[in-house]
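*Asks:* Next come a sequence and a model predicted from it.
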Amino acid sequence: MYGDFEAQRHWMELTIHLPISEWYWYDLQWWGLDYPPLTAYHSWLCGKIGSLVNPSWFSLLTSRGHESYNHKVFMRATVAVSDYLIYIPALVIFTKWCSRATGTDKYDRIIALSILLSSPGLIIIDYGHFQYNSVMLGLCIFAFASFLADRLLWGSLLFVMGLGFKQMGLYYAPAVFAYLAGLCVSFGGANTRGDGGNRSGNGINIGGLLKVDIQTLALLGITVISTFGIMVAPFAIFHGPDRTGLEQLGQMVHRVFPFARGLWEDKVANFWCATNIVFKYRERLSTPALQKISLLMTILAILPPCLLLFLRPKKRLLPWGVAGCAWGFFLFSFQVHEKSVLLPMVAMNLVVAGGLDRDLLSWIGWANNVAMFSMWPLLKREGLGLQYTVLTALWSWLLSLHELPTSIYAKILHSGVYAGAIGLHIAELTVTEGIVERFPDIWVVGNVVLCFGAFGSMYIWVLYRMAEEAGLLDEYSVGGGGEEEKERLKKVE
């Protein structure tokens, strides 16, 4: 049985041997290409370079399932090079601009960068399970940094490139759209809602109540459309003799958005899989009905962070809004895989660039550990138990996770989830008969239920902190200690 390593290798094989008109059609039963065009181009480049080292790694048909030691070294080297070219520079630039926007000092900025670079989930999935998530995430983070630097067009171009590499970047798209729309639309005159004040004098004033910055809005639209157009144009132009350009684009969309696969894959710690224990969705509801229900619930989940970003497009709120939107998608959207937790996880990690405090580090550290635990069934199948243990332990030590949040309720929550995860691991190792024979997935289901509860708490916490950062909770502060408490939380104890 082969996994994502073979998928990535096979895409390199088919892109270097077949014309572009066949890339989204070729032998779809054997890891057919189902990522956007930029991944295909990246696979072509890696395959060409790898063929110079050893052509047998990517020979058409005969190389299927090839996993020699040297080949694994090469493939993992391509992940490392992609990290150094895209992901790591993106984090460096993002922490720079985010610290400027929030007034974070250099010392905290360096700590934040170290935290972002050591995220255990991304490391073990990209290097162990094997994917190139860091490329898509790096492009998106480059885009966020560009927005913080007031380079909206560059940010839009880079974000579209992120979507063009992996469609899961759509988890961030509504928040990005809301932030940019908030900068282009204001109420009651000049647009002063963003951190930079009035962006343009070319806006249209509607009845003195609404002002739309038409110039910026148009330029953003042109940038997005043209970037998408450039990425997909080769497939429409070189469509082959048997198909039209429209058919090629239709097949690409069909492969990239495979709604026929179902509500989720494997066992994922989101709302649908966790509650499926008591209500068998796929048995009682049709796929079209589930698509509509999941769409509605996803919209409801992402509405609060997106609405807040639109009404208050402040730079310090952007990471929080992106994280809240990504959690909404992960918890309620259609066709979710357990690896998809990397999207809200990395977005949630980004908030550390805006300032550090003990509670923040406790929540971020806890969230990463829970995300790692939620992927344990997948990592176990891949034989990554040692790497899972070492990375989780190292991450916990680096962030001093023996120090829990100050709130008694948060302490109970964090301690309870940690105890539950440890208990499930012990039970899985020691209980091998009896209930396991009757319910073979009992530990996996326990993992799903526990992690779903934790992820739901993270979503609520992100919304709370975002509202706090936006100043919506100031009027609820009790007594005169509010400002002192905020200052205390600015420093890591």
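*Replies:* Okay, I see it. Residues are numbered from 1 along each chain as shown.
*Asks:* I'd like to know how many residues surround the closest residue in space to Tyr464 that isn't next to it in sequence.
*Replies:* Using CB to CB, 6 or more residues apart in numbering and skipping the chain neighbours, the partner closest in space to Tyr464 is Leu473 (7.9 Å). In short, each C-beta sits where N, CA and C put it, glycine included. The criterion is other CB atoms under 10 Å. On that basis, Leu473 has 13 neighbouring residues.
*Asks:* burial measure for Ile124, as a count.
*Replies:* Other residues near Ile124 come to 21 when the count uses other CB under 10 Å.
*Asks:* For it, what are phi and psi?
*Replies:* phi -70, psi -30 (degrees, to the nearest 10).
*Asks:* Isn't it up against Trp376?
*Replies:* No: taking contacts as CB atoms under 8 Å, Ile124 lies outside contact range of Trp376: 10.5 Å.
*Asks:* Contact partners for the residue nearest the centre of the chain?
*Replies:* The centre of the chain sits closest to Leu343, judged by CA atoms, centre = their mean, with a distance of 1.5 Å. For Leu343, the contacting residues are Met168, Gly169, Tyr171, Tyr172, Ala326, Phe329, Phe330, by CB atoms under 8 Å, 6 or more residues apart in numbering.
*Asks:* and if you look at Leu285?
*Replies:* Ile293.
*Asks:* Model confidence score at it, please.
*Replies:* For Leu285, the model assigns a pLDDT of 88.
*Asks:* That one and Val448: what is the separation?
*Replies:* Distance of Leu285 to Val448, computed by CB to CB, to the nearest Å: 19 Å.
*Asks:* Regarding stretch 314-322, how distant is the last residue from the first?
*Replies:* One end of stretch 314-322 sits 13 Å from the other (CA to CA, to the nearest Å).
*Asks:* Please list the residues outside it that contact it.
*Replies:* Identification of contacts with stretch 314-322 by CB under 8 Å, 6+ apart yields 98, 101-102, 144, 147-148, 172, 175-176, 178-179, 194-195, 305-306, 308-309, 347, 350-351, 353-354, 462, 465-466, 469-470.
*Asks:* ditto for stretch 422-436
*Replies:* Trp376, Ile442, Trp443, Gly446, Asn447, Leu450.
*Asks:* Of all the residues in the helix or strand harbouring Ala112, which ones are buried?
*Replies:* Using DSSP states H and E, Ala112 falls within helix 106-117. Neighbour counts over helix 106-117 (16 or more other CB atoms under 10 Å) mark Asp108, Arg109, Ile111, Ala112, Leu113, Ile115, Leu116, Leu117 as buried.
*Asks:* got it, and stretch 307-326?
*Replies:* 308-310, 312-326.
*Asks:* now stretch 419-438
*Replies:* Result for stretch 419-438 [16+ other CB under 10 Å]: buried residues Gly420, Ala421, Leu424, Glu428.
*Asks:* likewise stretch 254-273?
*Replies:* Applying a neighbour-count criterion of 16+ other CB under 10 Å, one finds Arg255, Val256, Leu263, Trp264, Lys267, Val268, Ala269, Asn270, Phe271, Trp272, Cys273 buried in stretch 254-273.
*Asks:* residues contacting Val232?
*Replies:* Per CB under 8 Å, 6+ apart, neighbours of Val232: Pro37, Leu249, Met252.
*Asks:* rerun at 6 Å
*Replies:* Pro37 (CB atoms under 6 Å, 6 or more residues apart in numbering).
*Asks:* where's the strand or helix carrying it relative to the chain centroid, distance-wise?
*Replies:* Using DSSP H and E, Val232 sits within helix 214-237. The chain centre lies 23 Å from the centre of helix 214-237; the measure is CA atoms, centre = their mean, to the nearest Å.
*Asks:* repeat for stretch 242-254
*Replies:* Stretch 242-254 sits 28 Å away from the centroid of its parent chain (CA atoms, centre = their mean).
*Asks:* contacts for it?
*Replies:* Residues outside stretch 242-254 that contact it (CB under 6 Å, 6+ apart): Tyr24, Phe235, Ala236, His239.
*Asks:* From the residues you listed, list the buried ones, please.
*Replies:* Buried among the contacts of stretch 242-254 by 16+ other CB under 10 Å: Tyr24, Phe235, His239.
*Asks:* contacts for stretch 384-396?
*Replies:* Pro120, Ile124, Gly128, Asn369, Met372, Leu379.
*Asks:* can you do 10 Å?
*Replies:* For stretch 384-396, contacts defined as CB atoms under 10 Å, 6 or more residues apart in numbering pick out 115, 118-121, 123-125, 127-129, 365-366, 368-369, 372-373, 375-376, 378-380, 382, 401-402, 418, 421, 425.
*Asks:* for the stretch 1-150 of the chain, what spans make up the helices?
*Replies:* 4-17, 37-53, 69-82, 88-102, 106-117, 120-123, 133-148 (DSSP state H, counting those that start in this stretch).
*Asks:* any chance of the ones you listed in a markdown table, plus mean pLDDT and distance to Leu360?
*Replies:* Listed next are these as a markdown table, based on pLDDT from 0 to 100; distance: least, CB to CB, whole Å:
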| stretch | mean pLDDT | distance to Leu360 |
| --- | --- | --- |
| helix 4-17 | 95 | 32 |
| helix 37-53 | 97 | 33 |
| helix 69-82 | 96 | 29 |
| helix 88-102 | 94 | 12 |
| helix 106-117 | 92 | 10 |
| helix 120-123 | 96 | 18 |
| helix 133-148 | 97 | 18 |
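*Asks:* Can you report how many residues neighbour Tyr84?
*Replies:* Using other CB under 10 Å, Tyr84 has 11 other residues around it.
*Asks:* That one and Met168, how far apart?
*Replies:* 22 Å.
*Asks:* Kindly report the same for Thr275.
*Replies:* Distance, Thr275 to Met168, using CB to CB: 23 Å.
*Asks:* Of the two, give the one with the bigger neighbour count.
*Replies:* Under the neighbour definition other CB under 10 Å, Thr275 and Met168 were set side by side, and Met168 has more, 23 against 13.
*Asks:* What residues does that one make contact with?
*Replies:* Here Met168 is in contact with 35, 133, 136-137, 140, 162, 326, 329-330, 336-337, 339-340, 342-343 (CB under 10 Å, 6+ apart).
*Asks:* for the residues you listed, which one is nearest Asp359?
*Replies:* Asp359 lies nearest to Ala326 out of the contacts of Met168, by CB to CB, at 20.8 Å.
*Asks:* Okay, and that closest one sits in which element?
*Replies:* helix 318-332.
*Asks:* what distance separates stretch 50-58 from the middle of the whole chain?
*Replies:* On CA atoms, centre = their mean, the centre of stretch 50-58 falls 32 Å from that of its chain.
*Asks:* let me redo that: stretch 448-456
*Replies:* 17 Å.
*Asks:* what is the rounded mean pLDDT of that stretch?
*Replies:* pLDDT averaged over stretch 448-456 gives 97.
*Asks:* same question, stretch 434-441
*Replies:* Mean predicted confidence for stretch 434-441 is 85.
*Asks:* what's the first-to-last distance across it?
*Replies:* So stretch 434-441: terminal residues 13 Å apart, CA to CA.
*Asks:* Just the pLDDT for Val370.
*Replies:* 97.
*Asks:* tell me the secondary structure for the nearest residue to it once chain neighbours are set aside?
*Replies:* The spatial neighbour of Val370 that comes closest, neighbours along the chain excluded (CB to CB, 6+ apart), is Ala454 at 4.5 Å. Using DSSP: H, G, I helix; E, B strand; the rest coil, the structure places Ala454 in helix.
*Asks:* Quick check: Ala454 vs Ala427, distance?
*Replies:* For Ala454, the distance to Ala427 - CB to CB - is 18 Å.
*Asks:* Repeat that for Leu18.
*Replies:* Distance from Leu18 to Ala427, by CB to CB: 48 Å.
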